[in-house]
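Q: Give me a model of this one.
(chains A and B)
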Number of protein chains: 2
Amino acid sequence: MAEFVHLVVVKFKEDVVVEDIIKGLEKLVSEVDSVKSFVWGKDIESMEMLRQGFTHALMMTFSSKDDFNAFQTHPNHLEYSATFSAAIEKIVLLDFPAVVVKPPTA
Amino acid sequence: MAEFVHLVVVKFKEDVVVEDIIKGLEKLVSEVDSVKSFVWGKDIESMEMLRQGFTHALMMTFSSKDDFNAFQTHPNHLEYSATFSAAIEKIVLLDFPAVVVKPPTA
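A: Below you'll find the model as predicted:
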């Protein structure tokens, strides 16, 4: 797990083709070297009450906050942000240094 | 990154000592073998408008959905859930199979 996490929890608008959004993100993270990892998923299990309408989580990790900052201001990110913003109905976004309690390789 | 993710985004109640909650979670994940990894963080960067009052993200990963199910019904988890639930003001919870676009080791 990287040291800085960019976490996005979203509900997309009804007419959005999520596959297209994901393809755009795949392209973006392949273009921007400072993105260390990118994992996403669609909720399949949480109760509606707990998921509160949100359906997808997107997690990017960076080796440092500087790398995250470089991503935030990268021209390709700024360009894609407009497309992404137009697709979402609601969003929660958290950016934080990861505290690793139990590492994935343990 | 593991194959199944349990993602919790929360705002704790004002009088909650977050360190105590984290200690409880550290104990829990050390006791339950099916938890493959546990990473958490406190938002330091996102704009208030985008974070919407949420402050902390907690991410657990599991090798499979079966392992996640084992965690969900584990007595220690059920016991700790009561403590955790009492501490939160609001929560979003997503459970999903991870789609790895860019692996951490790339």
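Q: mean confidence for stretch A:61-79?
A: Averaged across stretch A:61-79, the pLDDT comes to 95.
Q: actually stretch A:23-30, sorry about that
A: 96.
Q: Give me the contact list for that stretch.
A: A:Val35, A:Phe38, A:Trp40, A:Leu58, A:Met60, A:Asn76, A:His77, A:Tyr80, A:Thr83, A:Phe84, B:Val101, B:Lys102 (CB atoms under 8 Å, 6 or more residues apart in numbering or on different chains). Every residue, glycine included, has its C-beta placed from N, CA and C.
Q: Out of those, which two are the most distant from each other?
A: Across these, no pair lies farther apart than A:Thr83 and B:Lys102, at 19.1 Å, counting by CB to CB.
Q: Can you show me the strands along chain A?
A: A:4-12, A:37-42, A:56-62, A:88-97, A:99-102 (DSSP state E).
Q: if we can go back for a sec, of the contacts of stretch A:23-30, buried ones?
A: For the contacts of stretch A:23-30, a burial check counting by 16 or more other CB atoms under 10 Å in any protein chain shown picks out A:Val35, A:Phe38, A:Trp40, A:Leu58, A:Met60, A:His77, A:Tyr80, A:Phe84, B:Val101, B:Lys102.
Q: Closest one of the residues you listed to B:Arg51?
A: Using CB to CB, those come closest to B:Arg51 at A:Leu58, 15.1 Å.
Q: Next, name the residue at the spatial heart of chain A.
A: A:Leu58 (3.0 Å; CA atoms, centre = their mean).
Q: who touches it in this structure?
A: A:Leu58 sits in contact with A:Leu7, A:Val8, A:Val9, A:Val10, A:Leu25, A:Phe38, A:Val39, A:Trp40, where contact means CB under 8 Å, 6+ apart.
Q: Rebuild these as a markdown table, extending it with distance to A:Val18.
A: Converted to a markdown table, the contacts of A:Leu58 look like this (distance: CB to CB, whole Å):
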| residue | distance to A:Val18 |
| --- | --- |
| A:Leu7 | 18 |
| A:Val8 | 13 |
| A:Val9 | 14 |
| A:Val10 | 10 |
| A:Leu25 | 10 |
| A:Phe38 | 15 |
| A:Val39 | 15 |
| A:Trp40 | 10 |
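Q: Among these, which one lies nearest to B:Gln72?
A: Using CB to CB, the contacts of A:Leu58 come closest to B:Gln72 at A:Val9, 20.0 Å.
Q: What count of nearby residues applies to A:Lys27?
A: Using other CB atoms under 10 Å in any protein chain shown, A:Lys27 is surrounded by 12 other residues.
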